[in-house]
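Enquirer: Sequence and predicted model, in that order:
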Amino acid sequence: MVTDKTKLPFKTSEYFSGLMPKYAGTKKTCGKDVDKVYAVVSITDDHWVAIAIDFKDRVVRIYNCGTTTDITISAVKPFAEITPYVFKCLCGDSNIKPYEIEDVPGTPKMTHPGDCGVYTAKYIECLMMGVPLSHEHLRDENMGKIRQKLAAEMSASIKSYGVTADIIDTNALANDLIAWYDRKLKRKYGNRDNFRLLSSVFEQEKRDHEELKKKYALLKAESETHSAEVASLKDEVARLGMREAELAGEVVRLGDREISLMGEVAKLETDVAFSRDHEERELTRLRSDRFAKVSRTTQKAQARLDKVKSYIKEQEHIVQPKMDALNQSKGAQEIVTVLVRRGAVVSESEPENLAKEARIAEEEVDALNVIELSDADLNLSPDQLGFGLTRLSSQVIPVSNQHGSNSELVSRSDIRHVTVEERNPGN
């Protein structure tokens with residue numbers, strides 16, 4: 001909403017709304033359709049910098065290919081102060097606090113003056129396209145080609161937009177006005193200017209003559225010095241000529257050495273190929289030997305494993321019942337002992353019979369609890385002992401209760417026929 005255009009400079013509102021310049025109008029309003037505006041600023045008439053006015057962040061950023069000083073800040077400061085005022089006049093914005101000024105660090109710098117304009121144009125082009133400012137491409141060595149490219153693009157852009165006539169007419173009108181003013185001024189002050197010009201030329205010639213005399217004296221002294229230097233340089237040239245001949249001979253010698261080394265390299269390559277082939281054959285042989293050895297070891301370990309499995313099976317089906325009978329006998333002995341201790345009357349032959357049965361069961365268990373392995377079964381290296389080991393799932397589960405029940409043995413045990421008489425504590 002435009003509130004007061006009269007307080008702003010000529011056609012500020014048209015530029016603000018994107019209607020100017022006529023040959024490149026965007027018809028986009030600042031702050032609404034446009035968040036940033038890029039511009040170039042002249043610093044002390046001999047240096048250019050690029051600025052980006054950010055309406056959203058309320059900051060003016062400086063992109064400088066040289067060194068930013070207080071003079072640079074002073075030149076950019078009007079943009080930071082007038083921008084909020086323009087928004088107040090054209091949009092009714094009440095915040096007229098000046099924008100912040102930020103000097104962007106890390107921008108590519110020029111080492112020789114004279115290309116700041118090209119740097120500034122490329123800064124804006126990269127920022128508009130979202131391309132990082134590359135130190136590899138934006139440097140003094142590339143400025144000549146970039147300048148030619150920009151000129152070609154500007155010429156093509158002017159022709160494509162059809163504004164050549166407008167720009168040429170504007171420039172021609174300005175040149176005509178300047179020429180007309182110069183002619184009027186020269187006619188009025190022609191004679192006076194001519195006299196002053198002649199006087200200044202005469203004085204300048206006098207100063208130039210004195211300066212030339214001083215320079216002649218200096219040149220004469222320098223000429224004498226240079227004569228001695230020339231003689232020294234001639235001697236140096238002769239010495240360098242001899243050195244060049246020596247280097248030429250060295251080059252020939254190195255060439256011969258290179259040919260010899262190439263022959264040695266070819267021979268070494270042949271030896272390497274032969275060695276590689278021999279190593280592959282040897283590796284194949286070692287693998288075959290290793291496979292045969294592993295097969296033999298596996299067979300030997302399997303035979304040992306079969307014996308162990310047979311022993312475990314025997315333990316499970318033959319020895320374990322004997323173990324249960326032994327445990328039952330020992331348990332019966334302990335029970336009789338406890339009963340006698342508590343005053344029960346037990347025949348003297350009963351403990352003896354139980355002890356006899358326990359000894360017989362223990363002897364049978366000891367006789368069966370043996371596994372026989374030959375020297376061939378035990379003749380295994382430490383790394384071979386790992387083949388053929390039984391898994392945890394195939395191992396025999398131990399008896400949870402060593403005094404487990406065995407109905408058949410219990411039914412045949414004499415403890416079932418023991419006569420127990422309780423003693424009367426009162427008698």
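Expert: Structure received. Residues are numbered from 1 along each chain as shown.
Enquirer: and the strand or helix carrying Arg304, what other elements does it pack with?
Expert: Assigned by DSSP states H and E, Arg304 belongs to helix 164-314. Secondary structure elements in contact with helix 164-314, counted by 3 or more Cβ pairs under 8 Å, 6 or more residues apart in numbering; DSSP states H and E, are helix 375-378. Just so you know, the C-beta spots here come from the backbone N, C-alpha and C atoms, and that holds for glycine as well.
Enquirer: And the average pLDDT for the helix it packs on is what?
Expert: Averaging pLDDT along helix 375-378 gives 56.
Enquirer: related to what we said a few turns ago, how far out from the middle of the chain is the helix holding Arg304?
Expert: With Cα atoms, centre = their mean, to the nearest Å as the basis, helix 164-314 stands 28 Å off its chain's centre.
Enquirer: what sits up against stretch 40-56?
Expert: Residues from elsewhere that reach stretch 40-56, judged by Cβ atoms under 8 Å, 6 or more residues apart in numbering: 30-31, 34-39, 60-66, 68, 71-72, 75-76, 79, 83, 87, 99, 113, 116-117, 119-121, 123-124, 127.
Enquirer: Count residues in the vicinity of the spatially closest residue to Glu100 that is not a sequence neighbour, would you?
Expert: Counting by Cβ to Cβ, 6 or more residues apart in numbering, Glu100 lies nearest to Val59, which is 4.4 Å off, once chain neighbours are set aside. Val59 has 14 neighbouring residues, counting by other Cβ atoms under 10 Å.
Enquirer: Equivalent analysis for Thr12, please.
Expert: For Thr12, using other Cβ under 10 Å, the count is 16.
Enquirer: and the residue lying closest to it once chain neighbours are set aside, what helix or strand is that in?
Expert: Using Cβ to Cβ, 6+ apart and skipping the chain neighbours, the partner closest in space to Thr12 is Val86 (6.4 Å). Under the criterion of DSSP H and E, Val86 resides in helix 70-91.
Enquirer: CA atoms only: put that helix into CSV for me.
Expert: Only the C-alpha atoms of helix 70-91 are listed here, as CSV (Å, rounded to 0.1, in the frame of the first residue of the first chain):
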residue,chain,number,x,y,z
ASP,A,70,35.6,2.6,7.4
ILE,A,71,35.3,4.3,4.0
THR,A,72,33.6,1.2,2.6
ILE,A,73,31.2,1.1,5.5
SER,A,74,30.4,4.8,5.1
ALA,A,75,29.6,4.3,1.4
VAL,A,76,27.2,1.4,2.2
LYS,A,77,25.6,3.1,5.2
PRO,A,78,23.1,5.2,3.2
PHE,A,79,21.5,2.0,1.8
ALA,A,80,21.1,0.6,5.3
GLU,A,81,19.4,3.9,6.5
ILE,A,82,17.2,4.7,3.5
THR,A,83,15.8,1.2,2.9
PRO,A,84,13.5,1.1,6.0
TYR,A,85,12.5,4.7,5.2
VAL,A,86,11.4,3.6,1.7
PHE,A,87,9.3,0.8,3.3
LYS,A,88,7.7,3.3,5.6
CYS,A,89,6.8,5.7,2.8
LEU,A,90,5.5,3.0,0.4
CYS,A,91,4.2,0.3,2.7
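Enquirer: Which secondary structure elements does the next helix or strand after it sit against?
Expert: Heading C-terminal from helix 70-91, the first helix or strand you meet, by DSSP H and E, is strand 100-103. Contact here means 3+ Cβ pairs under 8 Å, 6+ apart; on that basis strand 100-103 packs against strand 59-63, helix 70-91.
Enquirer: And the last one, how far out from the chain middle?
Expert: For helix 70-91, the separation from the chain centroid amounts to 42 Å (computed by Cα atoms, centre = their mean).
Enquirer: what does stretch 341-358 give?
Expert: Going by Cα atoms, centre = their mean, where stretch 341-358 is centred and where its chain is centred differ by 87 Å.
Enquirer: end to end, how far does that stretch reach?
Expert: 21 Å (Cα to Cα, to the nearest Å).
Enquirer: Highest mean neighbour count out of the helices and strands packed on strand 100-103?
Expert: Of all the helices and strands packed on strand 100-103, strand 59-63 carries the top mean neighbour count, a mean of 20, counting by mean count of other Cβ atoms under 10 Å.
Enquirer: so what secondary structure elements neighbour it?
Expert: strand 47-54, helix 70-91, strand 100-103, helix 116-129.
Enquirer: what's it in contact with?
Expert: With Cβ under 8 Å, 6+ apart, strand 59-63 has contacts from 49-54, 68, 72-73, 76, 79-80, 83, 99-104, 107, 120, 123-124, 127, 133.
Enquirer: now do 7 Å
Expert: Strand 59-63 is contacted from outside by 49-54, 68, 72, 76, 79-80, 99-104, 107, 123, using Cβ atoms under 7 Å, 6 or more residues apart in numbering.
Enquirer: what angle separates it from helix 116-129?
Expert: If you take axes from the mean of the first three to the mean of the last three Cα atoms, to 10 degrees, strand 59-63 sits at 130 degrees to helix 116-129.
Enquirer: Bridge partners for Ala50, pull those for me.
Expert: Following DSSP bridges, Ala50 is listed with bridge partners Val40, Tyr63.
Enquirer: And it, how far from Ala245?
Expert: 58 Å (Cβ to Cβ, to the nearest Å).
Enquirer: Looking at those two, which is more packed in?
Expert: Comparing Ala50 with Ala245 by other Cβ under 10 Å, the one with more neighbours is Ala50, at 25 against 10.
Enquirer: got the buried residues for stretch 298-310?
Expert: 300-301, 304-305, 308 (16 or more other Cβ atoms under 10 Å).
Enquirer: could those residues go into JSON lines alongside distance to Thr270?
Expert: What follows is the buried residues of stretch 298-310, written out as JSON lines (distance: Cβ to Cβ, whole Å):
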{"residue": "Lys300", "distance to Thr270": "45"}
{"residue": "Ala301", "distance to Thr270": "46"}
{"residue": "Arg304", "distance to Thr270": "51"}
{"residue": "Leu305", "distance to Thr270": "52"}
{"residue": "Val308", "distance to Thr270": "56"}
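Enquirer: number of nearby residues for the closest residue to Gly117 other than its chain neighbours?
Expert: Nearest residue to Gly117, sequence neighbours excluded (Cβ to Cβ, 6+ apart): Trp48, at 4.9 Å. Applying other Cβ under 10 Å, we find 19 other residues in the vicinity of Trp48.
Enquirer: Could you do the one 3 residues further on as well?
Expert: Neighbour count of Ile51, defined by other Cβ under 10 Å: 25.
Enquirer: same thing with Ala332?
Expert: Residues near Ala332, counting by other Cβ under 10 Å: 24.
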